[in-house]
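Enquirer: what's the 3D shape of this:
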Amino acid sequence: MNDKAWLLKERQALPLDIKVRMSLDRITEWYNYWKGKAYVSFSGGKDSTVLLYLVRSIFPDIEAVFVDTGLEFPEIWGFVKSIDNVTWLRPKIKFPEVIEKYGYPAISKEVSQQIYEAKTTKSEKLLHKRLCGGDNKYKSGKIPEKWKYLIPCDIKIGHKCCDALKKRPIKKYEKQTGKAPIVGIMAIDSQARKQKYIRRGTCNSFSGKIESNPLSFWTDSDVWEYIRKYDVPYSQIYDMGYDRTGCMFCMFGVHLEKGENRFQRMRRTHPKQWDYCINKLGCGKVLDLIGVDYNSATPLFEKKQKEVKNEEANRAKLATNGV
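Expert: Okay, here's the model as predicted:
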């Protein structure tokens, strides 16, 4: 493990009060560097909610920016509407157009991009890389063998959903306003974000991708501790069994979820959106293709429901018999 990786690990182990002070220092540095021309990227999720609360504890008038992709949970929309000084952005293209033009977001961003390129490229060199790997000992860039059957498939798989629905509106906003983003991502979110932090060794990036990530060394438990300690309001979606609140119909990583997956949960909590997603948008056929069950609840949930029904039946039987 290199020095920067050790540094991240040490920072992640710090107590919350020290992390708060460190994050506030980084926020102040960013805000002052840009002479106040900064904004908070606000998704309505717990991480960006804590970030906004933290930033506004020292810069109360800072603007929050929310990108309404049309794919957010209703509980997220409702929560965002309850927050003051939020600018709403909307993409020019909608999700049905994205999947028609670019394909469905499935498996992972990396694999979906590899599949998309293998199906659309006119470059023999790129096609060879996607099928056989790059010219190095790691054979990087190769589509995993288990997903190669998706290449000749009629169903489009693609990686450009986030770019079309989120990144383009944000880039347009930044160009028009000249404001620099403060974003609530953390190194624990993914391997890619962890490696990005390790490469930088800092939260504030003033070159390359201009961005401040003052919560980079925080963990999920830090976020919830901060919410409880400071009584921070948050979206009720987290009280419905969800721990992530991205786009409702995104299929990235769902094949890795254990127990009740996001689509099974959606069927319980948001049946209308589930029906629209699975049947009208065609996400069901994609999930069938990659072997993900979107109908059945987890065995544990089914068992619990069966126990409740049996208990109710026994009570009714006892009441009938006068017991």
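Enquirer: just the helices in the stretch 201-323 of the chain please.
Expert: 220-230, 262-269, 271-275, 283-289, 299-320 (DSSP state H, counting those that start in this stretch).
Enquirer: averaged pLDDT, the second one. What do you get?
Expert: So the one you mean is helix 262-269. The predicted model assigns helix 262-269 a mean pLDDT of 96.
Enquirer: that helix packs against which elements?
Expert: helix 271-275 (3 or more CB pairs under 8 Å, 6 or more residues apart in numbering; DSSP states H and E). Just so you know, the C-beta spots here come from the backbone N, C-alpha and C atoms, and that holds for glycine as well.
Enquirer: return the distance of the helix it packs on from the chain's centre.
Expert: On the basis of CA atoms, centre = their mean, to the nearest Å, helix 271-275 is displaced by 20 Å from the centre of the chain it belongs to.
Enquirer: for stretch 204-222, same thing?
Expert: 16 Å.
Enquirer: mind listing what's buried in that stretch?
Expert: 204, 205, 211, 212, 213, 214, 215, 216, 217, 218, 219, 222 (16 or more other CB atoms under 10 Å).
Enquirer: now do the strands in the chain.
Expert: 38-41, 63-67, 86-89, 106-107, 180-182, 204-205, 211-212, 251-252 (DSSP state E).
Enquirer: on contacts alone, who are the packing partners of the fifth one?
Expert: Spelled out, that is strand 180-182. Under the contact criterion of 3+ CB pairs under 8 Å, 6+ apart, strand 180-182 touches helix 16-33, strand 38-41, helix 168-177, strand 211-212.
Enquirer: apply 6 Å and report the result again.
Expert: Counting contacts by 3 or more CB pairs under 6 Å, 6 or more residues apart in numbering; DSSP states H and E, strand 180-182 packs against strand 38-41.
Enquirer: the strand it packs on pairs with which strands, parallel or anti?
Expert: Strands that pair with strand 38-41, judged by DSSP bridges, come out as strand 63-67 (parallel), strand 180-182 (parallel).
Enquirer: same question for it, mean pLDDT?
Expert: 98.
Enquirer: quick one: that strand to chain centroid distance?
Expert: For strand 38-41, the distance to the chain centre is 18 Å (CA atoms, centre = their mean).
Enquirer: need the residues that contact it.
Expert: Contacting residues not belonging to strand 38-41 are listed as 31, 52, 55, 63, 64, 65, 179, 180, 181, 182, 183 [CB atoms under 6 Å, 6 or more residues apart in numbering].
Enquirer: ok, stretch 168-180 next?
Expert: Contacts of stretch 168-180 (CB under 6 Å, 6+ apart): 34, 37, 38, 39, 67, 89, 91, 210.
Enquirer: for those, which two are the farthest from each other?
Expert: Spatially, the most separated pair among those is 34 and 91, at 25.3 Å (CB to CB).
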